[in-house]
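**Q** return atomic coordinates for the entry below.
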Amino acid sequence: AHMPFIPYRDRPISIDEGSREVQIPHETGVSLTTREHERDHRRVTMADLMTQCNYLNPDVEVIAEIKTPASFETFAETLNTGHGVLGTTHAADIETLVNRIIEKGVPTYLLDEIDLVVFPRHVGGERYVGDVVEFVDDPAAGANTGTIEKDGHTVHYNTLCRRRPDGEFAFAYDHPQLGDGTRRVGTGILDRLATLRDEPVENVEETFHRRHRYVKYLVREDITDFAELFGVLADLETNEAATVERIRRQAGQREQPPNLEVGT
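**A** Here you go, the predicted model:
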């Protein structure tokens, strides 16, 4: 689901155990898989793939299924390299996830390198995002913070987004552009992005809201096909102004102009 949103100029590399699980639409993308064999010289381990991956100069490393000790070790090493990383594992909530990470030997200080944890839900045949959580240093950083104690370690977290029973979402971050005319910031994610991008936080915030409008357009137009979604996002990355104008012209023909703005 996340792969089409990785800029088309970037090189994502997936590291899978046993079989390929990640679909990569990027021309420069690479899929690496482990291989079991009775002879050592023909066996390909997660450690082998991690070494090869670093040689390939990835922008984002994708670990499809983090479940074995080897895959958790690879995940920890990837966080240490400073590369972008996406990964999935099985955990019903943030407490279960932290307990599992610590039990697998991942140092707790590396949790600070994880920007967001997304918990999907599958209820009644419908899939949706249930919670989005960030790890924080200050337990009082937001209204939805919590603390987890595990084997002498203390981990603080903040729930950025939660799906309510009515299907709407409650956010720790709000802004006049999101609808209620007030400003509420209960997250540090924008500041972390500003540091990574070496930009003022105001620029990051403006980009966030512009892209939020693009996502609302994609939802409204029901653009869910993998290749089509990647194409639209690549067009926006290549020439944002021309792509927005094309979208407006197409929407104008249907008398439904979208609320899109081009960044400076």
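
**Q** can you give me the strands for the stretch 151-264 of the chain?
**A** With strands called from DSSP state E, counting those that start in this stretch, the stretch 151-264 of the chain shows them at 153-163, 169-171, 173-174, 184-185.

**Q** from residue 209, how far out is residue 216?
**A** Distance from residue 216 to residue 209, counting by CB to CB, to the nearest Å: 11 Å. For every residue, glycine as well, the C-beta is placed using N, CA and C.

**Q** buried set for the top helix by length along the chain?
**A** The longest helix of the chain (DSSP state H) is helix 201-220. The neighbour-count check on helix 201-220 (16 or more other CB atoms under 10 Å) flags 204, 205, 206, 210, 214, 217, 218 as buried.

**Q** circling back to that earlier point, most neighbours per residue, which of the strands of the stretch 151-264 of the chain?
**A** Mean neighbour count (mean count of other CB atoms under 10 Å) peaks for strand 153-163 among those, with a mean of 19.

**Q** each with direction, which strands does that one pair with?
**A** Strand 153-163 has its sheet partners listed here by DSSP bridges as strand 126-136 (antiparallel), strand 145-150 (antiparallel), strand 169-171 (antiparallel).

**Q** who's in contact with it?
**A** Strand 153-163 is contacted by residues 94, 98, 102, 108, 111, 116, 121, 128-139, 141-142, 144-148, 169-173, 186-187, 189 when judged by CB atoms under 8 Å, 6 or more residues apart in numbering.

**Q** cool, stretch 224-237 as well?
**A** Applying CB under 8 Å, 6+ apart, the external contacts of stretch 224-237 come out as 3-5, 7-9, 23, 25, 214, 218, 223, 242-244, 246.

**Q** and the residues you listed, which of them are buried?
**A** Among these, those scoring as buried are 3, 4, 8, 25, 214, 218, 243, 244 (criterion: 16+ other CB under 10 Å).

**Q** counting neighbours, what do you get for the spatially closest residue to the second one that is not a sequence neighbour?
**A** What sits nearest to residue 4 in space, not counting adjacent residues and going by CB to CB, 6 or more residues apart in numbering, is residue 230, at 4.0 Å. Each residue near residue 230 was counted by other CB atoms under 10 Å, and the total is 19.

**Q** and residue 167, by the same measure?
**A** By the measure other CB under 10 Å, the count of residues near residue 167 is 8.

**Q** same question, residue 227
**A** By other CB under 10 Å, the residues close to residue 227 number 10.

**Q** I'd like to know how far it sits from residue 188.
**A** Distance, residue 227 to residue 188, by CB to CB: 35 Å.

**Q** and the strands of the stretch 151-264 of the chain as CSV, adding mean pLDDT?
**A** Output for these, formatted as CSV (pLDDT from 0 to 100):
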stretch, mean pLDDT
strand 153-163, 88
strand 169-171, 84
strand 173-174, 69
strand 184-185, 60
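
**Q** distance to residue 72 for those strands - can I get that in TSV?
**A** Shown next, in TSV, are the strands of the stretch 151-264 of the chain (distance: least, CB to CB, whole Å):
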stretch	distance to residue 72
strand 153-163	16
strand 169-171	30
strand 173-174	30
strand 184-185	33
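
**Q** residue 110 should be in a helix, yeah?
**A** Yes. Membership of residue 110 in a helix is supported by DSSP: H, G, I helix; E, B strand; the rest coil.

**Q** wait, it sits on residue 81?
**A** No. Taking CB atoms under 8 Å as the definition, residue 110 is not a contact partner of residue 81, at 11.3 Å.
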